[in-house]
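Asker: Sharing a sequence plus its predicted fold:
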Amino acid sequence: MSDEQTRLAELRDEIDRIDQKIMELISARANCAQEVAHVKMAANPGQDVFFYRPEREAQVLRRIKEQNPGPLSGEEMARLFREIMSACLALEKPMHIAFLGPIGTFTQAAALKHFGHSVISVPLPAIDAVFREVESGAAHYGVVPVENSTEGMINHTLDMFMSSPLKICGEVQLRIHHHLLVSPKHADQEITRIYSHQQSFAQCRQWLDTHRYGVERVTVSSNAEAARRAAAEPGTAAIAGDMAAELYGLDMVASSIEDRPDNTTRFLIIGREAVPASGHDKSSILVSMRNKPGALYKLLEPFHRHGISLTRIETRPSPSGTWAYVFYIDFEGHVEDEQVRKVLAEVDEEAVELKRLGSYPIGVL
Ligand SMILES: O=C(O)C(=O)C[C@]1(C(=O)O)C=C[C@@H](O)C=C1
């Protein structure tokens with residue numbers, strides 16, 4: 001054996017020993033999670049038991065990131081623990097997660113990033129269908145897009161909260177990379193038509209105008225649908241992400257063609273119950289004010305006075321009348337925090353209606 005072979009054999013033996021220990025530790029952790037499930041069931045006989053604990057998961061992942069000794073990055077280590085926790089939770093209770101489909105969309109990628117791969121993910125054709133699936137109890141949680149850094153808010157999602165009783169239980173951000181994709185079967189054909197979702201066309205507008213000017217752009221219901229069509233139709237291409245490319249076996253003609261390199265979409269996790277504080281939280285509310293001078297000032301001033309940071313404010317037309325508006329507001333803090341309680345009590349006095357959409361851990365991954 002050469003020196004190299006001897007050293008490699010030693011290192012591989014060491015890796016085998018470490019893997020054995022990791023496996024034993026993961027199994028011990030999984031046994032603990034099963035025990036947690038028994039404790040939860042015993043404490044709530046005959047009631048709905050909430051096996052998934054978003055606040056606890058956020059705390060575990062934050063601690064892993066903070067205490068990670070390297071050389072793996074904190075992100076990478078948290079991703080590994082994300083999957084371990086996902087598998088442990090599946091032992092307690094397999095979670096059904098509804099998402100804006102079809103399979104292969106960025107929303108599915110966001111759902112798997114947030115919950116890990118040990119969930120049963122259920123594609124649904126529209127945002128309101130995702131809300132209905134969770135409201136009816138057919139799915140435990142849902143995942144819907146809410147805003148994109150290039151294109152702004154996804155109004156349909158915001159508007160759903162006006163009538164839905166669901167709570168926001170979490171958020172997850174995903175860097176969105178779009179690729180121009182073709183089927184290897186049709187690689188020799190000239191591209192005369194490009195399929196994509198309207199948001200993706202908007203996020204790649206400059207690139208398309210520069211590199212594929214004059215090529216027909218056809219809007220379809222999702223990137224995954226665009227990929228499906230490009231796989232089937234010669235002379236066409238799709239703009240879609242990695243998951244859709246893999247799913248439909250497409251090749252990249254050009255990669256990461258989004259106009260802004262930081263193109264990111266934020267998704268919300270919706271569920272039926274409120275989430276306790278995790279120590280680093282955000283809250284969302286919907287407020288409608290009387291249509292009179294100073295209304296917006298009166299709404300925002302208490303946040304400033306109590307030192308609460310607003311992270312987003314959006315205006316949407318109110319369903320109750322022409323030229324009446326509803327404000328969608330995100331701010332830092334949890335409704336159980338003393339300062340937040342005070343602010344919301346003041347806002348409630350001024351508002352025609354105040355709806356608390358939920359407090360939830362600020363996205364960790
Ligand atoms: O701490 C709990 O309540 C658990 O159920 C354990 C655990 C974990 O594996 O750490 C699993 C699922 C929950 O979502 C949170 C954490």
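Answerer: Thanks, I have the structure now. Because the structure is predicted, anything quoted here is derived from the model rather than measured.
Asker: roughly how far out does stretch 152-162 sit from the chain middle?
Answerer: 15 Å (C-alpha atoms, centre = their mean, to the nearest Å).
Asker: Per-residue pLDDT of residue 322, please?
Answerer: Looking at residue 322, its pLDDT stands at 64.
Asker: likewise residue 308?
Answerer: Looking at residue 308, the pLDDT reads 97.
Asker: Quick check: phi and psi on it?
Answerer: Backbone torsions of residue 308, given as degrees, to the nearest 10, read phi -100, psi 130.
Asker: Return the residues in contact with it.
Answerer: 331-333, 339-340, 343 (C-beta atoms under 8 Å, 6 or more residues apart in numbering). Heads up, the C-betas are built off the backbone N, CA and C, glycines and all.
Asker: can you check residue 328 too?
Answerer: 153, 158, 161, 284-286, 312-316.
Asker: could you redo these as a markdown table and give each row neighbour count?
Answerer: As requested, the contacts of residue 328 are arranged in a markdown table below (neighbours: other C-beta atoms under 10 Å):
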| residue | neighbour count |
| --- | --- |
| 153 | 17 |
| 158 | 20 |
| 161 | 24 |
| 284 | 23 |
| 285 | 23 |
| 286 | 21 |
| 312 | 14 |
| 313 | 15 |
| 314 | 17 |
| 315 | 12 |
| 316 | 17 |
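Asker: and which of those residues is nearest to residue 356?
Answerer: Among the contacts of residue 328, residue 285 lies closest to residue 356 (C-beta to C-beta), at 5.6 Å.
Asker: my read: that closest one touches residue 348, true?
Answerer: No: here residue 285 does not reach residue 348: they are 9.9 Å apart, not a contact under C-beta atoms under 8 Å.
Asker: Can you work out which residues contact both of those two?
Answerer: Any residue near both residue 285 and residue 348 by C-beta under 8 Å, 6+ apart counts here, and that gives residue 354.
Asker: Looks like residue 151 contacts residue 199 (just checking).
Answerer: Yes: counting by C-beta under 8 Å, residue 151 does reach residue 199; the two are 5.5 Å apart.
Asker: So residue 94 belongs to a strand, correct?
Answerer: No: assigned with DSSP: H, G, I helix; E, B strand; the rest coil, residue 94 falls outside any strand and is coil.
Asker: Report the contact partners of it.
Answerer: Per C-beta under 8 Å, 6+ apart, neighbours of residue 94: 118-120.
Asker: PyMOL command for the buried members of those residues?
Answerer: Buried subset of the contacts of residue 94, written as a PyMOL selection, criterion 16 or more other C-beta atoms under 10 Å:
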select buried, resi 118+119
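Asker: which residues touch residue 306?
Answerer: Listed by C-beta under 8 Å, 6+ apart, the contact set of residue 306 reads 339-340, 342-343.
Asker: no, scratch that, I was asking about residue 341
Answerer: residue 335.
Asker: Against residue 359, how distant is it?
Answerer: If you measure residue 341 against residue 359 using C-beta to C-beta, to the nearest Å, the figure is 11 Å.
Asker: Now for the closest residue to residue 247 other than its chain neighbours, how many residues are close by?
Answerer: Spatial nearest neighbour of residue 247, excluding adjacent residues (C-beta to C-beta, 6 or more residues apart in numbering): residue 104 at 4.2 Å. By other C-beta atoms under 10 Å, 25 other residues sit near residue 104.
Asker: Then residue 104 would be within a helix, right?
Answerer: No: applying three-state DSSP, one finds residue 104 to be coil, outside a helix.
Asker: who are the neighbours in contact with whichever residue of the stretch 101-250 of the chain sits closest to the ligand?
Answerer: Closest residue of the stretch 101-250 of the chain to the ligand, C-beta to the nearest ligand atom: residue 115 (9.2 Å). Each residue near residue 115 by C-beta under 8 Å, 6+ apart is listed here: 86, 95, 97, 141.
Asker: Lovely, talk soon.
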